[in-house]
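>>> Predicted structure and sequence below. I'll ask about it afterward.
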Amino acid sequence: MNDWKQLDQKKHKLYESAFIKSIRRGLVDDAVYWGTLLDKFGHAHTVWRRMFIHLSEDIGLADRNLPANVDALYSNFKMLVGMQKASFETDHTERLPYVHAIVLLATAKKSRDVDNVVSVYYQTNKDREVPDYAYDLHSPLGRRMGRDISHFYNEAALINDGNDLSAHSAEWERVARTTKKD
């Protein structure tokens, strides 16, 4: 039987790890179990924090609208907690958006691209030359180069929509796997 009042640090970290790895693997029942267990110990804040990290770390660009949905559920959770305290209710309706968010994350499509990009660009020290298109009429050097409004609209303000990240994804993963994280 669990003592719902106390949770030692080792078990807390182990339960947190089981929670996030269950979400990562799409194991809904396990994710809900570990998430509710941590909540019973009074650590819902830890679960919410991990869910917000997971949104970028393991789901990322696979579901671009999910962060807004989880943020809305978190707002509902906080509102219901506040209303419960103000009205002395004990119905625990705040558990609905909490579990809703867990289920959404566990069933979401996954992508490690954002986490891999963080590893590539924050953990490596590759220098790049400033590209020519950056020198326009808004920079001192661009003005000295005679870059005018025509250059700005033809080169500097060029817009490309809908980049396919698949070409970058494999390289990001390869570099991320060989880069030591902080």
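That came through, no problem.

>>> Does S169 touch D113 like I think?
Yes. Using C-beta atoms under 8 Å, S169 is in contact with D113, at 5.4 Å. To be clear about C-beta, it is placed using only N, CA and C from the backbone, and glycine gets the same treatment.

>>> Compare these two (neighbour count), which wins?
The neighbour count for S169 versus D113, taken as other C-beta atoms under 10 Å, is higher for D113 (19 against 16).

>>> quick one: that one from T178, how far?
According to C-beta to C-beta, to the nearest Å, D113 stands 16 Å off from T178.

>>> what does Q9 give?
With distances taken as C-beta to C-beta, Q9 is found 32 Å from T178.

>>> out of the two, which sits in the more crowded spot?
T178 (11 against 7).

>>> ok, now which ones touch the most centrally placed residue in the chain?
With distances taken as C-alpha atoms, centre = their mean, S56 lies nearest the centre of the chain, 2.0 Å away. Each residue near S56 by C-beta atoms under 8 Å, 6 or more residues apart in numbering is listed here: P67, V114, D115.

>>> Put the alpha carbons of stretch 65-79 into CSV.
Provided in CSV are the C-alpha atoms of stretch 65-79 (Å, rounded to 0.1, in the frame of the first residue of the first chain):
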residue,chain,number,x,y,z
ASN,A,65,-1.5,22.2,-32.8
LEU,A,66,-1.0,20.0,-29.7
PRO,A,67,0.9,22.6,-27.6
ALA,A,68,-2.1,25.0,-27.8
ASN,A,69,-4.5,22.2,-26.9
VAL,A,70,-2.4,21.1,-23.9
ASP,A,71,-2.0,24.7,-22.8
ALA,A,72,-5.8,25.1,-22.9
LEU,A,73,-6.1,22.0,-20.8
TYR,A,74,-3.5,23.3,-18.3
SER,A,75,-5.5,26.5,-18.1
ASN,A,76,-8.7,24.6,-17.4
PHE,A,77,-6.8,22.5,-14.8
LYS,A,78,-5.6,25.6,-12.9
MET,A,79,-9.1,27.2,-13.2
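
>>> Sounds good, over and out.
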